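> only the shape, not the letters, is given here:
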């Protein structure tokens, strides 16, 4: 049954833990084909998510931003459930560490691409490095700058 308080319940779950369970007025998600804005009364939906920023507005702490690592979103009866590999608050992101991870993944992918010219390299191994590059770029782009 849909809620009548003008809010949508937001649940975010990773394999490690339940990250978020609050009510909000509006949630912006990184869809695989662009941003998806979810408000109360949204039609039922199941969709893939991309790597990027999730914005939760109108919750108990005002506006909050997170970087999520793809996954799926389900909207049913004014409840948004996000299943993702990771969800990190913008304030929690260590940009220096993300930069190091980006550089390492780029170097390893370059090495694998060179190796693949003369040997068989599993595509899933290369895909993991591409995913790490995408994840690191999102963390750097959306991480809170402390200048």
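Yep, it's here. Every value quoted in this text rests on a predicted model; they were computed, and no experiment measured them.

> which residues in this structure form strands?
Across the chain, reading from the start of the chain, the strands by DSSP state E fall at 8-13, 18-24, 26-31, 34-38, 45-59, 62-76, 79-83, 87-89.

> who does the shortest one pair up with?
The reference is to strand 87-89. Looking at strand 87-89 with DSSP bridges, its partner strands are strand 62-76 (antiparallel).

> which of the residues in the partner strand are buried?
Burial within strand 62-76, assessed by neighbour count using 16 or more other C-beta atoms under 10 Å, is assigned to 64-71, 73, 75. C-beta here means a position set from N, CA and C on the backbone, and glycine is covered the same way.

> adding pLDDT and distance to residue 94, write those residues out as CSV.
Supplementary listing: those in CSV, determined by pLDDT from 0 to 100; distance: C-beta to C-beta, whole Å:
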residue, pLDDT, distance to residue 94
64, 92, 18
65, 93, 16
66, 95, 15
67, 94, 12
68, 95, 17
69, 92, 15
70, 91, 20
71, 96, 22
73, 97, 26
75, 97, 32
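
> just flag the most distant two among these.
In those, two members sit farther apart than any others by C-beta to C-beta. They are 67 and 75, at 20.7 Å.

> ok, the most centrally placed residue in the chain - contacts?
When C-alpha atoms, centre = their mean is applied to the chain, the residue found nearest the centroid is residue 68 (1.6 Å). With C-beta atoms under 8 Å, 6 or more residues apart in numbering as the criterion, the residues that contact residue 68 are 12, 29-30, 49, 51-54, 82, 84, 86-87.

> who does it bridge with?
Beta-bridge partners of residue 68, as defined by DSSP bridges: residue 52, residue 87.

> for it, give its distance to residue 14.
Distance, residue 68 to residue 14, by C-beta to C-beta, to the nearest Å: 9 Å.

> joint contacts of these two?
Applying C-beta under 8 Å, 6+ apart, one finds that residue 68 and residue 14 are jointly contacted by 84, 86-87.

> tabulate the buried residues of strand 62-76 (TSV), appending distance to residue 18.
Compiled in TSV, the buried residues of strand 62-76 are given as follows (distance: C-beta to C-beta, whole Å):
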residue	distance to residue 18
64	16
65	19
66	14
67	17
68	14
69	16
70	18
71	14
73	15
75	18
